[in-house]
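A predicted structure for the sequence below; I have some questions about it.
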Amino acid sequence: MCDPIVGPIALMGLSAGANSLAQSQVQKARDSALAAESDRQRRLDQEAAVRNAHAQGQYENVEQQQGERKQELADYYKTQTAAPVDKTGPVAMPASSSNVTVQATDKAKGEAKAFTDQQGEALGGLRSFGDLMGTLSRGTARDAGYIGQIGGFKKGSSAVLPYELEAANGKGSNMKLFGDVLGGLGKVGMSAVLSGATPFGIGAESLLTGKSLSGYRAGVLSVQKIAIAGDAAMRSEARRRAMPGARLCVACQSGHDRSAALSGYNRRGSKDSQLK
């Protein structure tokens, strides 16, 4: 036969264990949410740093970039030829059979080509700086736009974190409810053991524990009587010191006087009055 008090104590112990497990689940879920948020913020910061470095790196060696752009534009302008002669326009001069004429024509074409190349070089140098700055500015604007989007992602991720933590707080709700139920049953059982009453009806302690609680009730009453007697003895001793000849404390003497008054016999009167 098991001790009646073992059941409530076991229930309360299981309740504490269940609540501890529920708290552990909540803490684990919160740690996971915080770690995930930290990882997202770190990866977004890395991407923003890459974009920022790219934007700054575009302006390194600007003179070299301008020289390369100048050559590209010059080559482009040098390869450009005049538009073909329209059929409705003037007719081209026929080829000459004179060596002097051919040489003069070739010389004029060479001079025209050299002038065209010189103008292409000049035009390429003139437009290279503006063309390079326009390209770099567009790249910087794109990088700035990406960095702005990353900042928006960071804010959005931070705004979601409270909801993730709130969801994490509910991870151990079922286990916590189970622990609260066990704790409530343990408290009810403990109250029944100490008071002798049970919410399950007469004889329920025997059904639950297999042992009657009459011994526990008698023990509790004995302890109460001993405590009352000890307190009365202490008070009587203090009263005897203050009033030599007194045997009872104030409370006991008052109770004794009331019982004497109700009996109809005046114990404090003279012998003659008592004989009457």
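It's in.

state the pLDDT value of residue 97.
On the pLDDT scale, residue 97 is placed at 69.

quick one: low-confidence parts of the protein?
1-5, 81-97, 193, 196-253, 255-276 (pLDDT under 70).

recalculate using a threshold of 50.
1, 198-213, 216, 219-220, 223, 227 (pLDDT under 50).

report the longest helix in it, please.
Longest helix in the chain, counting residues (DSSP state H): helix 99-169.

pull out the buried positions in the helix or strand just after that one.
Sequence order places helix 173-195 as the next helix or strand after helix 99-169, per DSSP states H and E. For helix 173-195, burial by neighbour count (16 or more other Cβ atoms under 10 Å) applies to 175-176, 178-179, 182-183, 185-186, 189-190, 192-193. C-betas here are computed from N, CA, C, even on glycine.

any chance of these in TSV, with distance to residue 10 too?
Converted to TSV, these look like this (distance: Cβ to Cβ, whole Å):
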residue	distance to residue 10
175	18
176	19
178	15
179	13
182	9
183	12
185	10
186	8
189	9
190	11
192	14
193	12
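
tell me the one among the residues you listed nearest to residue 102.
Taking Cβ to Cβ as the measure, residue 175 is the one of these closest to residue 102, at 104.2 Å.

how close does the closest one sit to residue 181?
Distance of residue 175 to residue 181, given as Cβ to Cβ, to the nearest Å: 11 Å.

identify, from the buried residues of helix 173-195, the entry nearest to residue 43.
Closest approach to residue 43 among the buried residues of helix 173-195 (Cβ to Cβ): residue 175, at 33.5 Å.

distance of that closest one from residue 182?
Note on residue 175: its distance to residue 182, by Cβ to Cβ, is 11 Å.

how about residue 43?
Applying Cβ to Cβ to residue 43 and residue 182 gives a distance of 44 Å.

residue 27 now?
Separation of residue 27 from residue 182 (Cβ to Cβ): 21 Å.

same question for residue 153.
Distance, residue 153 to residue 182, using Cβ to Cβ: 45 Å.

what does residue 52 give?
Relative to residue 182, residue 52 is positioned 57 Å away (Cβ to Cβ).

ok, residue 73 next?
84 Å.

what do you get for residue 149?
Residue 149 sits 52 Å away from residue 182, taking Cβ to Cβ as the criterion.

same check on residue 188?
Distance of residue 188 to residue 182, given as Cβ to Cβ: 11 Å.

quick one: residues contacting the nearest residue to residue 17 once chain neighbours are set aside.
Once flanking residues are discounted, residue 17 sits nearest to residue 179: 7.5 Å by Cβ to Cβ, 6 or more residues apart in numbering. Residues near residue 179 by Cβ atoms under 8 Å, 6 or more residues apart in numbering: 14-19, 21-22.

any idea how far residue 147 is from residue 179?
Shown here: residue 179 relative to residue 147, a distance of 49 Å by Cβ to Cβ.

next, count neighbours for residue 26.
Residues lying near residue 26 (other Cβ atoms under 10 Å) number 19.

quick one: list the elements packing against the helix or strand residue 38 falls within.
Secondary structure from DSSP H and E places residue 38 in helix 6-57. On a contact count with 3 or more Cβ pairs under 8 Å, 6 or more residues apart in numbering; DSSP states H and E, helix 6-57 meets helix 99-169, helix 173-195, helix 204-209.

residue 31 is nearest to which of these?
Proximity to residue 31, assessed across the helices and strands packed on helix 6-57 by Cβ to Cβ, is greatest for helix 99-169 (8.6 Å).

what's the closest one packed up against?
Here helix 99-169 touches helix 6-57, helix 62-78, going by 3+ Cβ pairs under 8 Å, 6+ apart.

out of those, which comes closest to residue 163?
When those are compared by Cβ to Cβ, helix 6-57 sits nearest residue 163, at 9.4 Å.
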